[in-house]
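Novice: Requesting a structural model of the entry that follows:
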Amino acid sequence: MNRKRKIQTSLFAKILFMGMTIWAMMSCDNSLERLTTNEYPKSGNQAQTGHVLCVVIDGASGKAVNEAYTTQKAPHIRSMRDNAVITFEGLADSRHKALPVFTNERGWANMMTGVTTHGIGLDEESTGEVKPIEELETPSFLSRIKQLDNEKKISLYTADNRFYQAFRNNADIARTLDSDQQVKSAVIAEINSDTDLPSDVILVEFNGVQKAGAADAFYDGSGNPTTTVIEAIQEIDTYIGEIRTALESRENYRKENWLIIVTSTYGGTYSETVQSDSYYDDLRLNTFTLMYNSRFVSKVVGKPSASELNYKYFTPLYAGNNQKSVATVADPKLFEMENNKSYTVQFMYYSTTKKNNWVNILSKSDKHKGSKGWNVHGDGGRIKFRVGNRDVWTSQQSTDPWVSTDGKWHTVTLVFDREAVRFRAYIDGNYSTHRDQQNMTLPTNLTCPDYPLTIGKIENSPNESNAGFCVTNLQFYDVALPEEFIEKNHGVTKLEEVKNEYWDHLIGYWPCDREEDLENPILKNVSQYADSYAGKSDITFADQTWTTGNSAEEHLAPAPDDSYYQAVFNNVDIPLQTMQWLGLSISEWKFEGVGKTFEYTFMEEN
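Specialist: Numbering: from 1, shown residues only. Predicted structure coming up:
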């Protein structure tokens with residue numbers, strides 16, 4: 001009788017599990033989501049709830065671990081796959097672009113503090129020196145745990161004395177040992193102890209991969225992990241297997257609810273010059289992270305596709321029939337074009353209407369179609385330029401989509417080339433000066449000191465009720481940009497992060513698309529020269545309507561935002577994930593990490 005009831009219960013559980021699994025597959029996307037705390041198993045202060053084993057492998061890139069994983073040289077990590085969330089494309093840092101050097105110590109600091117602003121591994125502007133881990137002043141997450149619950153027990157086992165010295169003070173048990181093998185043995189001894197329960201947090205640091213890479217090389221000339229590094233990962237994988245076996249052999253293992261984290265500090269050093277379009281392309285930042293619990297649903301998380309880099313904008317909308325639909329630089333004398341210098345003006349343009357319009361878009365001129373300075377305006381469906389007292393059309397034919405009214409984002413570039421005595425116009429990086437004006441001599445005088453650089457209506461602008469447009473990513477250079485550069489970089493945003501080879505010539509830069517500027521009547525000049533203008537180079541407007549959107553135009557190259565890099569595990573996620581697993585509130589600290597939810601099998605096992 002009891003056996004029959006047990007079989008029926010088991011069958012019902014299996015059917016329920018299959019149904020909920022199908023529902024989860026249909027309703028969940030592939031990205032990791034932000035944490036909602038009610039999806040975590042209950043934790044608390046009891047000795048047998050909420051434990052974390054965190055294994056840190058110095059210098060093990062995700063690329064190297066993936067090679068060991070796929071070639072059967074990391075069988076113990078592979079065996080955890082069925083109940084783990086894994087990424088081989090994690091990031092040691094996603095906040096500091098193009099660091100000349102990225103060290104293991106900076107990986108430690110990011111991982112242990114949950115922030116990237118601690119100063120370790122960054123050049124200090126005042127001294128030009130890099131702060132070592134011994135000078136870390138930002139509290140570690142171990143100290144944060146103790147602040148919130150001093151009863152939580154912490155153990156630290158490390159094969160590196162510098163790691164030990166930096167983080168030992170907040171551990172109840174802290175040991176530095178001579179080798180990774182001795183570290184493994186010490187951890188197993190604690191787990192197998194008959195007299196004491198294991199700590200709430202056991203932090204383990206292995207440095208065998210770091211030593212192997214430093215002695216030989218982390219990568220060969222083609223960027224592939226060396227055999228020495230793979231062999232070191234294989235050895236540590238064996239230690240991880242032994243530790244896991246000891247842990248899962250505990251009588252109360254399931255009740256203790258262990259989260260096992262295996263992660264790495266950074267991707268190792270790479271001798272070749274690092275040229276990366278995103279943090280994901282920098283081998284030094286490439287890390288591995290695995291989060292395992294016996295009830296997790298398996299997931300391998302890869303980096304997001306470049307196609308997910310849509311252009312997200314929060315920007316003013318300029319309407320032709322609104323007399324106050326105008327934005328101007330505060331000081332009209334700024335951004336004049338001197339007679340003996342070359343200049344380039346570039347901006348992104350989007351029309352919200354598909355009807356023809358003739359409104360003024362951008363200018364530094366006395367009036368619409370005037371004889372002073374220059375302006376850009378709609379000419380029916382095309383973009384048209386007024387350079388001094390001359391009209392210049394784009395080279396679009398009547399069969400082309402009209403840039404001025406097609407409802408898509410476009411990049412417009414104006415080059416005032418004094419050396420060649422020519423005006424050049426580009427649409428989306430393509431040379432687009434009409435054939436009749438390609439040899440037009442650039443007017444000698446384009447100055448207009450009494451009229452400010454302006455977006456929107458100026459004197460004589462048509463009062464066109466059909467008009468509605470946006471201008472963002474406005475750039476003003478004191479040099480004629482070459483055609484090759486324009487073709488490659490015309491759609492790039494967030495230039496202050498990129499700092500390309502013409503950054504020093506960018507004397508005015510107004511993004512006009514940032515969420516933090518939403519409904520702000522002042523749009524800041526964010527070029528490196530903005531402070532010298534003392535606010536006079538900022539763009540101001542009144543009674544402006546705002547619009548927001550998300551565009552995937554193929555010719556745009558928006559800079560990745562935080563969410564693009566948070567799709568995978570970052571080093572700064574480790575403290576947040578650990579503390580949330582322990583059921584500790586972290587609201588008072590400015591951790592940069594993002595907590596991730598995990599899918600569960602929903603099966604209660606006794």
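
Novice: Point out where the stretch 351-500 of the chain drops to low pLDDT.
Specialist: 395-402, 437, 463-466 (pLDDT under 70).

Novice: which residues of it fall in strands?
Specialist: Remark: strands assigned in the stretch 351-500 of the chain by DSSP state E, counting those that start in this stretch are 360-364, 374-379, 382-387, 390-393, 409-417, 422-427, 430-431, 454-456, 469-477.

Novice: For G407, which residues are in contact?
Specialist: Y350, S351, T352, T353, K354 (C-beta atoms under 8 Å, 6 or more residues apart in numbering). C-beta: built from backbone N, CA, C; applies to glycine.

Novice: from these, which two are the most distant?
Specialist: The largest separation in the contacts of G407, counting by C-beta to C-beta, is between Y350 and K354 at 11.7 Å.

Novice: If you count surrounding residues, which of those two has more?
Specialist: Counted by other C-beta atoms under 10 Å, Y350 and K354 do not tie: Y350 has more neighbours, with 22 against 13.

Novice: Distance check, the more buried one against L556.
Specialist: Going from Y350 to L556 by C-beta to C-beta, to the nearest Å gives 10 Å.

Novice: Now do the shared contacts for these two.
Specialist: Joint contacts of Y350 and L556 (C-beta under 8 Å, 6+ apart) are W409.

Novice: and stretch 74-87, which residues are buried?
Specialist: A74, H76, I77, R78, M80, N83, A84, V85, I86, T87 (16 or more other C-beta atoms under 10 Å).

Novice: What about these, which are in strands?
Specialist: Among the buried residues of stretch 74-87, DSSP state E puts A84, V85, I86, T87 in strands.

Novice: tell me which of those residues is nearest to I260?
Specialist: Using C-beta to C-beta, those come closest to I260 at A84, 8.1 Å.

Novice: How about the contacts made by the closest one?
Specialist: Here A84 is in contact with L290, M291, Y292, N293, F296, S298, K299 (criterion: C-beta under 8 Å, 6+ apart).

Novice: Kindly report the same for T433.
Specialist: Here T433 is in contact with V392, T394, S395, F423, R424, A425 (C-beta under 8 Å, 6+ apart).

Novice: at 6 Å instead, please
Specialist: With contacts defined as C-beta atoms under 6 Å, 6 or more residues apart in numbering, the neighbours of T433 are R424, A425.

Novice: who's it bridged to?
Specialist: In this entry, T433 is beta-bridged to T394, by DSSP bridges.

Novice: Please tell me how far it sits from T413.
Specialist: From T433 across to T413, the span is 11 Å (C-beta to C-beta).

Novice: what do you get for I261?
Specialist: 49 Å.

Novice: just K354 next, same as before
Specialist: Per C-beta to C-beta, K354 is found 23 Å from T413.

Novice: So what's the residue count around K457?
Specialist: 25.

Novice: I'd say it and T328 touch.
Specialist: No - under the criterion of C-beta atoms under 6 Å, K457 makes no contact with T328, lying 10.3 Å away.

Novice: What strands line up against the host helix or strand of V52, and which way round?
Specialist: For V52, the host element (DSSP states H and E) is strand 51-57. Taking DSSP bridges as the criterion, strand 51-57 forms sheet pairs with strand 201-206 (parallel), strand 258-264 (parallel).

Novice: Nearest to D562, out of those strands?
Specialist: With C-beta to C-beta as the measure, strand 258-264 is the member of these nearest D562 (19.9 Å).

Novice: hmm, back to that, please work out the average pLDDT along the strand holding V52.
Specialist: Here strand 51-57 scores 98 as its mean pLDDT.

Novice: And the next helix or strand past that strand?
Specialist: helix 62-70.

Novice: helices and strands around that next one, which ones?
Specialist: Judged by 3 or more C-beta pairs under 6 Å, 6 or more residues apart in numbering; DSSP states H and E, the packing partners of helix 62-70 are strand 84-91, helix 227-248, strand 286-292.
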